[in-house]
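**Student:** Show me the folded form of this:
(4 chains)
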2 protein chains.
Amino acid sequence: MEVLERSTRKQQIEEQATALFKTKGYTASSMRDLAQILGIEAASLYSHIKSKEEILQNICFKMADTFFAAIEHVDETSPEKQLEAAIKAHFQVISKNIDASAVFFNEWRHLSEPHLTEFLAMRTRYEQYFVEIINQGIMKGLFRVIDEKFAMMTILSSINWTYQWYRPTGKMSMDEIGDHLSELLINGLIKTRNK
Amino acid sequence: MEVLERSTRKQQIEEQATALFKTKGYTASSMRDLAQILGIEAASLYSHIKSKEEILQNICFKMADTFFAAIEHVDETSPEKQLEAAIKAHFQVISKNIDASAVFFNEWRHLSEPHLTEFLAMRTRYEQYFVEIINQGIMKGLFRVIDEKFAMMTILSSINWTYQWYRPTGKMSMDEIGDHLSELLINGLIKTRNK
DNA sequence: CCTACCGATCGGTAGG
DNA sequence: CCTACCGATCGGTAGG
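**Tutor:** Below you'll find the model as predicted:
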């Protein structure tokens, strides 16, 4: 019973902290700000969490796990289909976790060692997954010959930026955006018969 | 003579502050950090600047001016050529001002009012320039029919992200990246004869 | 450009 | 979860 209550309270803290960090940034957010949102004193937060940075670590590494879990289920035959599925999977994680994505993309640099190094290693591994798909597409003559890291950066940055403007209530639905993103980006990459 | 010295010192402060803000973020950077880099006491900074935020304002609004100046010279006939020139101009500003671009993209939200509102208005106006080119391309039947704001966001985000990975010493030159960026993005947008 | 210093606020702890 | 409090650090000023 007590464990359950604590667990729930900890989740509440992390949830509110995520929204706060997104709005004000991690460094500019104080534990007193966070406590006030939850209607408690700042000192009381430390019954549930170890430190301010622990919250940031949880947000960043949970998001990293979610991103990896999403592309784990991608299982297509052609590089083109595989890239399409990966782009959509990546976007869906962002669209379903807008606040956490904002913190993930902007505040990770405030992680202390050794978490910072671990975080960057995970990011590189994730990026490598996209690089390999692009590489296969080039080798099979489907994609234009292009620096694969450059292509990966261009693709991921477009998707990553969506947290800045995507609104569930906007005129484009989640699926529509996923479709258009993959279409525009893969269309840019693909070899046309006329070129 | 005195005015000249002060002006130079102020430039030095802003230059070092830009690098510091990029690395640590605006809020996490202290005036004592900045003073130490310059080899003076924190209090001495205030002979040259009014406040910490004044530095941020100067970085952000100077960059905004530079971006506008770059697209002002774009003067092409077709939407395709115009978009290509605008993409290249935008990237060149970033590549030539990597540190200031990082601050511009990440730290603007720490501007206080009324500067924040003014900044966002400028950004919207700049984005609108790209939206209009895309709109013309769609109306002339050159570009695929797509939400023009979505296309603008996708294009600009790819270019904006370059400050994260572009290195003047990297294997792709500045011009090569500009070429490939515009090619990949416009190729994604353009109507192919086979579709 | 420096010394000396201000009030405010920070993350976090002790003890209940 | 609270009261009471800690040492550290913050942006900035006064006066030279």
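
**Student:** Could you find the closest non-adjacent residue to A:Val93?
**Tutor:** Spatial nearest neighbour of A:Val93, chain neighbours left out: A:Ala70 (4.9 Å); criterion: C-beta to C-beta, 6 or more residues apart in numbering or on different chains. C-betas here are computed from N, CA, C, even on glycine.

**Student:** Which helix or which strand is home to the one you found?
**Tutor:** Per DSSP states H and E, A:Ala70 falls inside helix A:52-72.

**Student:** before we move on, what about A:Arg167?
**Tutor:** Judged by DSSP H and E, A:Arg167 forms part of no helix or strand.

**Student:** now the one 10 residues further on
**Tutor:** Take DSSP H and E as the rule and A:Ile177 turns out to sit in helix A:174-189.

**Student:** What is that helix packed up against?
**Tutor:** helix A:79-96, helix A:148-160, helix B:148-160, helix B:174-189 (3 or more C-beta pairs under 8 Å, 6 or more residues apart in numbering or on different chains; DSSP states H and E).

**Student:** in chain A, which helix or strand is least confident?
**Tutor:** helix A:2-24 (a mean of 85; mean pLDDT, DSSP states H and E).

**Student:** Return the residues of chain A in contact with DNA strand D.
**Tutor:** A:Arg9, A:Ala35, A:Leu38, A:Gly39, A:Ile40, A:Glu41, A:Ala43, A:Ser44, A:Ser47, A:His48 (C-beta under 7 Å from any atom of the strand).

**Student:** switch to 10 Å and redo it
**Tutor:** A:5-6, A:8-10, A:12-13, A:27, A:32, A:35, A:38-48 (C-beta under 10 Å from any atom of the strand).

**Student:** where does chain A dip in pLDDT?
**Tutor:** A:1-7, A:193-195 (pLDDT under 70).

**Student:** one more time with 50
**Tutor:** Scanning chain A with the threshold set as pLDDT under 50 gives A:1-3, A:5-6, A:194-195.

**Student:** how about the CA coordinates for stretch A:175-195, as CSV?
**Tutor:** C-alpha atoms of stretch A:175-195 as CSV (Å, rounded to 0.1, in the frame of the first residue of the first chain):
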residue,chain,number,x,y,z
ASP,A,175,-1.1,9.5,-39.2
GLU,A,176,-1.2,12.1,-41.9
ILE,A,177,1.9,13.7,-40.6
GLY,A,178,3.7,10.3,-40.4
ASP,A,179,2.6,9.6,-44.0
HIS,A,180,3.7,13.0,-45.3
LEU,A,181,7.0,13.0,-43.4
SER,A,182,8.0,9.6,-44.8
GLU,A,183,6.8,10.5,-48.2
LEU,A,184,8.7,13.8,-48.4
LEU,A,185,11.9,12.4,-46.9
ILE,A,186,12.0,9.1,-48.8
ASN,A,187,11.0,10.9,-52.0
GLY,A,188,14.0,13.1,-51.6
LEU,A,189,16.2,10.1,-51.2
ILE,A,190,14.9,7.9,-53.9
LYS,A,191,16.3,7.5,-57.4
THR,A,192,13.9,8.7,-60.0
ARG,A,193,13.8,7.0,-63.4
ASN,A,194,14.3,10.3,-65.1
LYS,A,195,17.5,11.2,-63.3
